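K.L.:
need coordinates for the below:
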Amino acid sequence: MKSLATLIKLYRKRLDDKRLELVREEELLEELHKILERIREEMRNEKAIAENSVPASYYFPAYIEQAVNTERRIESLIDEQRKKIEAIQEEIAEEFSELKKYEILREIKQKAEVKEEERIEQMQLDEIATNSFLQSGKEN
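P.N.:
Residues are numbered from 1 along each chain as shown. This is a model prediction of the structure:
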């Protein structure tokens, strides 16, 4: 039973570690979304400036090309991050499933132990009752 308790602790620790990893990766995904939104906002601002300024309009095509490339790289990173998060979620589900198996096994073993203890106790009570009955029969 002790090794089962150790396995349960191990799986709980692994599950906790995976959950922390998931939180970190989700925070990174959120940060990537914020960066993407800042880039898009900057592109809108630069477009407005270029529409109102002839000198700025000369530089706008080069700027927008670079900004669009950056936007695509960030979107690619977001896709990769989502895949990474999905993989971690699958790992968490697997770890949780394994943990539950061991917890259920522990519960079954505990119930079996209790049942065995009750059976032994009942046998002892039966023996005491039988001895008591035999003792009272000898005295009569």
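K.L.:
low-confidence ranges in this protein?
P.N.:
1, 139-140 (pLDDT under 70).
K.L.:
can you give me the helices for it?
P.N.:
With helices called from DSSP state H, the chain shows them at 2-52, 54-139.
K.L.:
starting at the chain centroid, how far to the shortest one?
P.N.:
With Cα atoms, centre = their mean, to the nearest Å as the basis, the distance from the averaged C-alpha position of helix 2-52 to the chain average is 14 Å.
K.L.:
now for that helix, which elements pack on it?
P.N.:
With contacts defined as 3 or more Cβ pairs under 8 Å, 6 or more residues apart in numbering; DSSP states H and E, helix 2-52 has these neighbours: helix 54-139. Where you see a C-beta, it was placed from the backbone N, CA and C, and this is true even at glycine.
K.L.:
as a markdown table, the helices of the chain with mean neighbour count would be great.
P.N.:
A markdown table is the format used below for the helices of the chain (neighbours: other Cβ atoms under 10 Å):
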| stretch | mean neighbour count |
| --- | --- |
| helix 2-52 | 13 |
| helix 54-139 | 12 |
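K.L.:
enumerate every residue touching the residue nearest to residue 7 when sequence neighbours are not counted.
P.N.:
Leaving aside its sequence neighbours, residue 7 sits nearest to residue 102 (Cβ to Cβ, 6 or more residues apart in numbering; 5.2 Å). Taking Cβ atoms under 8 Å, 6 or more residues apart in numbering, we find residue 102 in contact with 4, 7, 8, 11.
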